[in-house]
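Chemist: How does the following fold in three dimensions:
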Amino acid sequence: MLKTIILFVLLSVVFDGSYGKFVYREDIGGWIKVFKVVANYSEASAQCRDREAVLASPITEELILELKTIIAAQKHPTSYLLGTMARDSPNSFVSEEGVALEDMPEMDFMDKLNPDYGRCLAMSKDRVHVVPCSSKLPYICYVKRAACNLDYTYLSESRKCYKFYITPATWSDASNVCKAEGAHLVVINDRSEMNALWSFTGYQSFFVGLSQTGGGNWMSVTGQPVEDLYNLWYYGYKPSDDALFCGSIESSQKLFKADCNTAMSFMCESSINYIDRKVIFHEKKLKSD
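Modeler: A predicted model of the protein is given here:
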């Protein structure tokens with residue numbers, strides 16, 4: 001027998017059915033979400049507003065390139081609805097941000113805009129053209145928002161946010177500072193992330209989110225054994241003392257066991273500032289005898 005169970009799940013990144021998720025694009029300094037399920041202008045605009053975004057328009061050179069790249073990459077060539085509409089008069093096309101069409105970058109692939117065909121714009125991989133606002137088309141939501149909260153810095157190598165504190169603190173105090181900002185002491189996953197962080201800190205030693213538990217086991221503040229993370233130690237081997245120690249990165253870019261009560265610079269890590277942070281419904285059908 002099939003039973004339908006509705007689960008309420010709090011997610012930091014929403015995978016919204018076939019719509020996918022918002023993705024941060026460093027070159028446009030904002031977030032993009034592709035909606036492949038078709039909608040008319042009013043419906044598409046409302047979907048974007050519900051996510052604190054706007055229906056994307058070609059208002060900058062970077063956005064034009066981003067939109068063209070996304071549309072050209074689709075398996076089935078089709079036009080995508082834009083957030084540019086002739087609201088006040090047949091020829092006064094304006095984006096949802098309030099940018100008039102004449103103030104947008106010049107697009108040599110734009111058709112001659114005939115308002116007799118409609119008051120909305122759509123974009124394919126090689127043209128921008130007029131469509132009726134009732135046209136059902138896929139669309140793209142866009143929001144210009146920083147990747148990181150507070151004064152954290154986004155690093156593209158790891159797609160995470162970091163904040164380096166040069167003022168020394170004990171490991172416990174450092175951990176509390178990070179937690180107060182909704183973050184945690186940095187957990188380094190691999191050599192690529194280590195290299196990026198080393199440059200970011202200005203080549204200085206710092207506490208990381210590792211500590212030694214009973215039995216000599218090293219665990220991260222996110223619950224991973226050190227063997228699953230960046231695991232290059234200062235003396236070439238992982239210390240396994242029974243005493244409690246905390247992890248740090250030394251001048252050789254290697255892990256080192258440090259006295260947890262020693263004051264040292266430290267780094268906090270936070271996930272990128274995802275859009276669509278909300279409670280959603282997941283419907284699952286589970287088989288039972």
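
Chemist: contacts, neighbours, all on C-alpha from now
Modeler: OK.

Chemist: Please, where are all the helices along the protein?
Modeler: 41-50, 61-72, 171-180, 191-201 (DSSP state H).

Chemist: Go through the third one and flag the buried ones.
Modeler: Buried positions in helix 171-180, judged by neighbour count with 16 or more other CA atoms under 10 Å: 171, 174-175, 177-178.

Chemist: Which secondary structure element of the chain has the lowest mean pLDDT?
Modeler: One helix or strand of the chain scores below all others by mean pLDDT, DSSP states H and E: strand 279-287, with a mean of 26.

Chemist: Switch the helices of the chain over to TSV; also include distance to Gly247.
Modeler: Shown next, in TSV, are the helices of the chain (distance: least, CA to CA, whole Å):
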stretch	distance to Gly247
helix 41-50	43
helix 61-72	41
helix 171-180	9
helix 191-201	14
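
Chemist: For Asn91, which of the ones you listed is the nearest?
Modeler: helix 41-50 (17.2 Å; CA to CA).

Chemist: List the buried residues of that closest one.
Modeler: For helix 41-50, the neighbour count (16+ other CA under 10 Å) marks 41, 44-45, 47-48 as buried.

Chemist: What is the nearest of the residues you listed to Thr213?
Modeler: Among the buried residues of helix 41-50, and counting by CA to CA, the member closest to Thr213 is Cys48, at 46.8 Å.

Chemist: Surely the closest one is in contact with Ser42?
Modeler: No. With contacts counted by CA atoms under 8 Å, Cys48 stays clear of Ser42, the gap being 10.2 Å.

Chemist: circling back to that earlier point, save the buried residues of helix 41-50 as TSV, and put in distance to Phe22 too.
Modeler: Below are these laid out as TSV (distance: CA to CA, whole Å):
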residue	distance to Phe22
Tyr41	20
Ala44	15
Ser45	16
Gln47	13
Cys48	11
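
Chemist: And the strands in the stretch 151-289 of the chain, which stretches?
Modeler: Secondary structure of the stretch 151-289 of the chain (DSSP state E, counting those that start in this stretch): strands at 153-155, 160-169, 184-185, 206-212, 218-220, 246-249, 255-258, 264-270, 279-287.

Chemist: Show me what the first one is packed up against.
Modeler: Just to be clear, that refers to strand 153-155. Under the contact definition 3 or more CA pairs under 8 Å, 6 or more residues apart in numbering; DSSP states H and E, strand 153-155 sits against strand 160-169.

Chemist: rerun at 10 Å
Modeler: Judged by 3 or more CA pairs under 10 Å, 6 or more residues apart in numbering; DSSP states H and E, the packing partners of strand 153-155 are strand 160-169, helix 191-201, strand 264-270.

Chemist: Partner strands of that strand and their direction?
Modeler: Strand pairing for strand 153-155, determined by DSSP bridges: strand 160-169 (antiparallel).

Chemist: Could you single out the nearest of the buried residues of helix 41-50 to His129?
Modeler: Tyr41 (14.4 Å).

Chemist: any idea how far the closest one is from Leu121?
Modeler: Distance of Tyr41 to Leu121, computed by CA to CA, to the nearest Å: 9 Å.

Chemist: For stretch 190-208, could you pull out the residues that count as buried?
Modeler: Buried residues in stretch 190-208, defined by neighbour count with 16+ other CA under 10 Å: 193-194, 197-198, 201, 204-208.

Chemist: Restricting the selection to alpha carbons, write it to CSV.
Modeler: C-alpha atoms of stretch 190-208 as CSV (Å, rounded to 0.1, in the frame of the first residue of the first chain):
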residue,chain,number,x,y,z
ASP,A,190,41.7,19.9,0.7
ARG,A,191,44.9,21.3,-0.6
SER,A,192,43.1,23.7,-2.9
GLU,A,193,41.2,25.3,-0.1
MET,A,194,44.4,25.4,2.1
ASN,A,195,46.3,27.3,-0.6
ALA,A,196,43.5,29.8,-1.0
LEU,A,197,43.2,30.4,2.7
TRP,A,198,47.0,30.8,3.1
SER,A,199,47.0,33.6,0.7
PHE,A,200,43.9,35.1,2.3
THR,A,201,45.5,35.2,5.7
GLY,A,202,48.7,36.8,4.5
TYR,A,203,50.7,33.6,5.3
GLN,A,204,50.0,33.6,9.1
SER,A,205,49.4,30.8,11.5
PHE,A,206,45.8,30.4,12.8
PHE,A,207,43.5,28.1,14.8
VAL,A,208,41.2,25.8,12.7
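
Chemist: per-domain residue ranges of this protein.
Modeler: The chain breaks down by automatic domain parsing into domains covering 2-145, 153-270.
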